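**Student:** just the structure for this:
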Amino acid sequence: MELYDLIISRHSERKYLRETVSKEDIQKIVEAGLSAPSGMNTQPWHFTVIQNKETQKEIVETCRANFLKSGEDWRVNWAKTENFNPFYGADVIIVISNKSQVNKSKEDCPYAIQNMTIMAEGLGLSSCIIKDICWGIDKSNQEKYGIPSDYECYMSLVIGKSVQKNTKKKTFDYSKVNYID
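**Tutor:** The predicted structure is shown next:
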């Protein structure tokens, strides 16, 4: 697939097959993230790849407990559902943490995430960027998941094989673009 087609076809998937993503594909996705640009080449990210189902379930249950305590109606209501899973049952969760002491580290991490989403698409996989991981992993438990103490949970990327191929045609809002010739 051409790069243009990969970027245009990429979408956020929320329904995944219960199929395993290969270690080789995960490695390529991680390397795409590690190859991202960053200010002064600081590379202020740390990736935690979670494929273990028990660990994923534990994080989901921590998210559920924190959602129930959030006081936000939509979070509370979602957490009360039987099939609650903010990671949609994807095979892989990649936690992206940013180095706290590096200036603009939160601005650099999205480059790594974007690279990983495009690589996943190129490998025939689907992905979804999810902020809610920080409801399950925070400073109080991040060491348990191998996240260094000078980093903080920033976001996650879930990756898996889609239930169905995306056939939606993207439309573009050109009112958000202006050209100066």
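**Student:** name the helix or strand for the residue most central in space within the chain, please.
**Tutor:** Centroid check for the chain by CA atoms, centre = their mean gives Leu157 as the closest residue, at 1.3 Å. Element membership for Leu157, per DSSP states H and E: strand 151-160.
**Student:** do Val30 as well
**Tutor:** Here Val30 is assigned to helix 23-34, by DSSP H and E.
**Student:** mind listing what's buried along that helix?
**Tutor:** Asp25, Ile26, Lys28, Ile29, Val30, Ala32, Gly33 (16 or more other CB atoms under 10 Å). Yep, even glycine has a C-beta here, placed from its N, CA and C like the rest.
**Student:** kindly report the same for stretch 62-81.
**Tutor:** Those would be Thr62, Cys63, Arg64, Asn66, Phe67, Arg75, Trp78, Ala79, for stretch 62-81 by 16+ other CB under 10 Å.
**Student:** ditto for stretch 125-135
**Tutor:** Here stretch 125-135 shows Leu125, Ser126, Ser127, Cys128, Ile130, Asp132, Ile133, Cys134, Trp135 as buried, counting by 16+ other CB under 10 Å.
**Student:** quick one: which of these is nearest to Lys168?
**Tutor:** Ser126 (12.9 Å; CB to CB).
**Student:** pLDDT score for Lys170?
**Tutor:** Lys170 is assigned 84 on the pLDDT scale.
**Student:** typo on my end, it should be Met1
**Tutor:** 61.
**Student:** and the helices in the chain, which stretches?
**Tutor:** 3-9, 23-34, 53-68, 73-79, 105-122 (DSSP state H).
**Student:** mind listing residues that contact the first one?
**Tutor:** Contacts of helix 3-9 from elsewhere in the structure, counted by CB atoms under 8 Å, 6 or more residues apart in numbering, are Met1, Ile118, Glu121, Gly122, Asn166, Lys170.
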